[in-house]
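*Asks:* Just the structure for this:
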Amino acid sequence: MSHALEMTRVFNAPPARIFACFTIKEEWNAWAGPYAIRGDVVLLEPRVGGRYRIVMHRPDGTEVVAGGVFQVLEEPSRLAFTWEHGQDTTLVTIFLRDVGGKTEMHFRHEGFTSEEDRDNHSKGWTGCLEKLDAFLATGERQRGVALQGAA
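*Replies:* Numbers count the residues shown, from 1 in each chain. Predicted coordinates for the structure are as follows:
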């Protein structure tokens, strides 16, 4: 059985700006990685069939690597890429829609083999998107945000 994560969020920026945050290395670098994790985009080939790779540095010094291949790039409204993490490959699809100069993002990450894995990715992506929102507001690289409700 396959499990999917779906989220909808509104950003105070036009769709082209949000699209660029996934296709320009310096932009993605500014908010990559959830919460207190610093992500470094070490490879980004923003074309269909192009690869990307992110090294996420945890506070304890360990690293997590994720990467994949771009499947769809339809600027500024849709992008999709595989998400390869460990032995698992899943699919992320992002739909961007203009709503009065802001962007409504519908985010779908599918192909999880367990609810636990989906829920862990939900926490991670929520942190990433919070960092993206903060980056859009400040223009500064985000080092991490506290997990809501965490000490």
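*Asks:* what about the closest residue to residue 85 other than its chain neighbours, neighbour count?
*Replies:* Excluding the flanking residues, the one nearest residue 85 by Cβ to Cβ, 6 or more residues apart in numbering is residue 66, at 4.6 Å. No exception for glycine: its C-beta is placed from N, CA and C like everyone else's. Counted by other Cβ atoms under 10 Å, the residues lying close to residue 66 total 18.
*Asks:* State the distance from residue 66 to residue 51.
*Replies:* Distance from residue 66 to residue 51, counting by Cβ to Cβ, to the nearest Å: 12 Å.
*Asks:* And the residue nearest to residue 85, how far from residue 28?
*Replies:* Distance of residue 66 to residue 28, computed by Cβ to Cβ: 12 Å.
*Asks:* Now for the two: what residues contact both?
*Replies:* By Cβ atoms under 8 Å, 6 or more residues apart in numbering, residue 66 and residue 28 have these common neighbours: residue 54.
*Asks:* Give the buried residues for the longest helix along the chain.
*Replies:* Across the chain, the longest stretch assigned as helix under DSSP state H is helix 115-138. Residues of helix 115-138 classed as buried by neighbour count (16 or more other Cβ atoms under 10 Å): 117-118, 121, 124-136.
*Asks:* excluding its backbone neighbours, what's nearest residue 90?
*Replies:* Counting by Cβ to Cβ, 6+ apart, residue 111 is the residue found nearest to residue 90 once chain neighbours are left out, at 3.8 Å.
*Asks:* rewinding a little: residues touching the residue nearest to residue 85, list them.
*Replies:* 53-54, 56, 83-85.
*Asks:* Now name the helix or strand holding it.
*Replies:* Residue 66 belongs to strand 63-74 when assigned by DSSP states H and E.
*Asks:* List buried residues within the contacts of residue 66.
*Replies:* 54, 56, 83-85.
*Asks:* For those residues, name the two members farthest from one another.
*Replies:* Spatially, the most separated pair among the buried ones among the contacts of residue 66 is 56 and 84, at 13.4 Å (Cβ to Cβ).
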